[in-house]
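Q: heads up, no residue letters with this:
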């Protein structure tokens, strides 16, 4: 058989193999989103660190920050992830905290007495709220042309009541939630966690 006639089928077979491999290869973003809560950024274990002490399965709802309607796409900025505990039976739930992802041209100033996030991360923590500033690389990788991106954590009153308003108990847990969320978002979008 003529060798020239074998070249085209060989090239087409190789190209088909490459396309099939790329199509079937798992996307780490999809893996994290399928396994975790809040845009794929929190494991169920970490998401459950801040809780009201009552029974129930930890779950989440991701809503548009403006309309309050469920988010149908994979965007992060402009959304709020509310971590909830479903009551046994699953018909009602209790809000534990909200994690908001926002991009803009200004940052949120730390209130007086706030604890710095530390370890090279920009942000702050209080008993009821916390902010972590995302790296510039992550902000652009997450499809925003804004100057800054932040994750804001708002702890529900029932959680702080359960913890007897003890900042030494709540603040380290809030820090863990923010850091894991930022780290997993950085994995999904292939960007640096720290600025």
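A: Yes, it's here. None of these values were measured; they are calculated from a predicted model.

Q: which residues of this protein score low on pLDDT?
A: Where the chain drops to pLDDT under 70, the residues are 1-30, 32, 195.

Q: my guess is residue 184 is in a helix, correct?
A: Yes: per DSSP: H, G, I helix; E, B strand; the rest coil, residue 184 lies within a helix segment.

Q: and it, what is it in contact with?
A: Applying CB atoms under 8 Å, 6 or more residues apart in numbering, we find residue 184 in contact with 32, 36, 40-42. Where you see a C-beta, it was placed from the backbone N, CA and C, and this is true even at glycine.

Q: what ranges do the helices span in this protein?
A: Ranges of helices in the chain, per DSSP state H, are 3-24, 28-35, 44-47, 136-141, 157-162, 167-189.

Q: got the buried residues for the last one?
A: Within helix 167-189, the residues that qualify as buried are 167, 170-171, 173-175, 177-182, 184-189, counting by 16 or more other CB atoms under 10 Å.

Q: same deal with the shortest one?
A: Within helix 44-47, the residues that qualify as buried by neighbour count (16+ other CB under 10 Å) are 46-47.

Q: Make 42 the first number, not 1, from now on.
A: From this message on, residue numbering opens at 42, which makes the last subject helix 85-88.
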